[in-house]
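1. sequence below, structure please.
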Amino acid sequence: MKISWIKQEQDNKNFAIAERLGMEVHRLNNPEEVDKTMEKLIEQNYNTIVLSNEIAGFSEDIIKKYERNRDINIIISPRKGKV
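-> As a prediction, the model looks like this:
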């Protein structure tokens with residue numbers, strides 16, 4: 001299982017533990033590139049992609065495209081401070 005996280009460049013709170021553990025966390029300068037980044041990760045056989053709540057709002061169709069695909073898991077993390 002290959003896992004990757006995606007968040008905005010200036011976001012210093014989300015996925016901080018994953019970054020400290022050396023896991024692959026993508027920081028996007030332009031949040032509108034989230035769909036391209038997700039497609040690239042899926043092509044590289046990542047089957048679990050975790051998005052920060054803030055960046056997920058910029059995905060236009062990728063989340064809908066893969067919501068019923070059992071081979072690809074797209075997870076949107078809750079906002080910080082909200083459970």
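
2. identify the bridge partners of the residue most central in space within the chain.
-> In the chain, the residue lying closest to the centroid (CA atoms, centre = their mean) is L51, at 2.9 Å. Beta bridges link L51 to I6, I76, judged by DSSP bridges.

3. now the helices for this protein?
-> Ranges of helices in the chain, per DSSP state H, are 16-20, 34-43, 53-56, 62-66.

4. who's in contact with the longest one?
-> Around helix 34-43, the neighbours that count as contacts under CB atoms under 8 Å, 6 or more residues apart in numbering are 4, 6, 26, 28, 49, 51, 55-56, 58-62, 66, 72, 74. C-betas here are computed from N, CA, C, even on glycine.

5. so for it, what's the average pLDDT?
-> Averaging pLDDT along helix 34-43 yields 94.

6. dump the helices of the chain into TSV; add distance to P78 as well.
-> Shown next, in TSV, are those (distance: least, CB to CB, whole Å):
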stretch	distance to P78
helix 16-20	15
helix 34-43	17
helix 53-56	6
helix 62-66	15
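
7. quick one, which of those gets closest to R79.
-> Minimum separation from R79 across the helices of the chain (CB to CB) falls at helix 53-56, 4.7 Å.

8. next up, the contacts around the spatially closest residue to D11 that is not a sequence neighbour.
-> Excluding its sequence neighbours, the residue lying closest to D11 (CB to CB, 6 or more residues apart in numbering) is S52, at 6.1 Å. If a contact means CB under 8 Å, 6+ apart, then S52 has W5, I6, K7, Q8, D11, N14, F15, I76, S77 as its contacts.
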